[in-house]
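>>> no sequence for this one, just the structure:
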């Protein structure tokens, strides 16, 4: 049996399970740590019309839908005033897509379609041609196609059957790029900048040293915690793709912050195995109190003649019991999360109790890591 004063040798830890002990640092490719400056997606959005709905579109009182349908008819020389449009087979929607960094004319994009009116369902609808604009207002793609809706909604006589969100749909490859985009990697000094996904001075310095060691001395320099400036040699500028491919495959051992993530809703605790815990003592236990009441009736039936004050009485007998389970106590010195998790697992400590203990250790200043509570 595990001694009582022992727990803190393992209290920080992973979730509900095993945590690797003594994990060693691994070499990671530079491309997995961030991206080059200028490498980004561009958001596109537009307003369109979905037709062909089986009476589940916007109601006739929706002025936006009537005006949009009237404008669409006017493109084909059909002048119909908005007041005369009475259709529930049409819905006004918002269409969105993401334009990749190196999109070319004719490329296809996936689009998302969401209702903005009071339509009940977009099942069976078809999106009419919709221009998709960027933040600058320029049209970069055209969207059109039959919607794919992962749900349904049917109602009759007040009964409604619904699955998922029938007012949201998508069209795979539903947009065609009309204006291509190209990222500008080189700046005016013919340099490129690599940006880390998680800024860290130690990692930035290691990346710069790795690039200098594997591609050329004096080529890279860390400017701050997230940006590494890389000078492209003159003989490599004509073959920039080849140079960037070699740059992406440079390996480095990144530094990582000590961090413990706790999700109280699911009872999950995740941390690195090398998170340190200072010497600390822990005592954890439960106090259970139960009160049982028994009601008895006192009937003076043995008396032949009773006085006016003698009557049947209700007697309540209450019993209070206190059950205090002596929780285990722990003392640890220079332990890690991995050690603590193993000790708690042997003691069959519930995960939610581990979460409470970890929060208490952090409050006591013995946990040398960032505690993230989701």
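Thanks, I have it. Because the structure is a prediction, the values reported are computed rather than measured.
>>> For residue 27, grab phi and psi.
Here is the backbone geometry of residue 27 (degrees, to the nearest 10): phi -80, psi 130.
>>> ok, for it, nearest residue in space, not its chain neighbours?
Closest residue in space to residue 27, ignoring its immediate chain neighbours: residue 251 at 4.1 Å, by C-beta to C-beta, 6 or more residues apart in numbering. Quick note: C-beta positions are derived from backbone N, CA and C, even for glycine.
>>> which stretches of the stretch 151-300 of the chain form helices?
Assigned by DSSP state H, counting those that start in this stretch, the stretch 151-300 of the chain shows helices spanning 201-214, 240-248.
>>> Please parse the chain into its domains.
The record's domain parsing of the chain by automatic domain parsing lists 1-25+256-374, 43-177, 191-252.
>>> weakest of those in terms of mean pLDDT?
Of all those, mean pLDDT reaches its minimum on domain 1-25+256-374 (a mean of 64).
>>> Mind listing what's buried along stretch 44-63?
Using 16 or more other C-beta atoms under 10 Å as the test for burial, stretch 44-63 gives 44, 46, 48, 49, 50, 51, 52, 53, 56, 57, 58, 62.
>>> Of the residues you listed, just say which sits nearest to residue 103.
For the buried residues of stretch 44-63, the residue nearest residue 103 by C-beta to C-beta is residue 44; the value is 10.1 Å.
>>> Please, which helix or strand holds the closest one?
Per DSSP states H and E, residue 44 falls inside strand 42-51.
>>> Tell me the helices and strands packed up against that strand.
helix 63-74, strand 91-99, strand 108-115, strand 126-133, strand 139-146 (3 or more C-beta pairs under 8 Å, 6 or more residues apart in numbering; DSSP states H and E).
>>> and among the ones you listed, the most buried is which?
Across the helices and strands packed on strand 42-51, the average number of neighbours (mean count of other C-beta atoms under 10 Å) peaks for strand 91-99, which reaches a mean of 21.
>>> Tell me the helices and strands packed up against that one.
Packing partners of strand 91-99 (3+ C-beta pairs under 8 Å, 6+ apart): strand 42-51, helix 63-74, strand 108-115, strand 126-133, strand 139-146, strand 168-177.
>>> Paired strands for the fourth one, with orientation please.
Looking at strand 126-133 with DSSP bridges, its partner strands are strand 42-51 (antiparallel), strand 139-146 (antiparallel).
>>> which residues are in contact with the longest one?
By C-beta atoms under 8 Å, 6 or more residues apart in numbering, the residues outside strand 42-51 that reach it are 57, 68-69, 72, 89-99, 109, 113, 115-116, 119, 122, 125-135, 140-141, 143, 147, 175, 181.
>>> Same check on the last one?
The contact list for strand 139-146 (C-beta under 8 Å, 6+ apart) reads 42, 44, 46, 48, 95, 97, 99, 103, 109, 111, 125-134, 171, 173-179, 181.
>>> would you list the buried residues of stretch 44-63 in JSON lines and tack on distance to residue 340?
Output for those, formatted as JSON lines (distance: C-beta to C-beta, whole Å):
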{"residue": "44", "distance to residue 340": "49"}
{"residue": "46", "distance to residue 340": "54"}
{"residue": "48", "distance to residue 340": "56"}
{"residue": "49", "distance to residue 340": "60"}
{"residue": "50", "distance to residue 340": "56"}
{"residue": "51", "distance to residue 340": "61"}
{"residue": "52", "distance to residue 340": "61"}
{"residue": "53", "distance to residue 340": "58"}
{"residue": "56", "distance to residue 340": "56"}
{"residue": "57", "distance to residue 340": "59"}
{"residue": "58", "distance to residue 340": "58"}
{"residue": "62", "distance to residue 340": "60"}
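>>> right, and the strands paired with strand 126-133 - which one's nearest residue 230?
Residue 230 sits nearest to strand 42-51 of all the strands paired with strand 126-133, at 24.4 Å, using C-beta to C-beta.
>>> Measure how far the closest one is from the centre of its chain, please.
Here strand 42-51 shows a centroid-to-chain-centroid distance of 25 Å under the convention C-alpha atoms, centre = their mean, to the nearest Å.
>>> got it, and stretch 352-367?
Relative to its chain's centre, stretch 352-367 lies at 24 Å (C-alpha atoms, centre = their mean).
>>> Same check on stretch 232-245?
37 Å.
>>> Between the two ends of that stretch, what distance do you get?
End-to-end distance for stretch 232-245: 13 Å, by C-alpha to C-alpha, to the nearest Å.
>>> which residues sit against that stretch?
With C-beta under 8 Å, 6+ apart as the test, stretch 232-245 has contacts from 36, 185, 186, 190, 191, 192, 216, 219.
>>> repeat that with 7 Å
With C-beta atoms under 7 Å, 6 or more residues apart in numbering as the test, stretch 232-245 has contacts from 186, 190, 191, 192.
>>> How many residues are close by the nearest residue to the second one once chain neighbours are set aside?
For residue 190, the nearest residue in space outside its immediate sequence neighbours is residue 232; the separation is 5.6 Å by C-beta to C-beta, 6+ apart. Other residues lying near residue 232 total 19 when counted by other C-beta atoms under 10 Å.
>>> Would you check how far apart residue 232 and residue 267 are?
When distance is defined by C-beta to C-beta, to the nearest Å, residue 232 is 50 Å away from residue 267.
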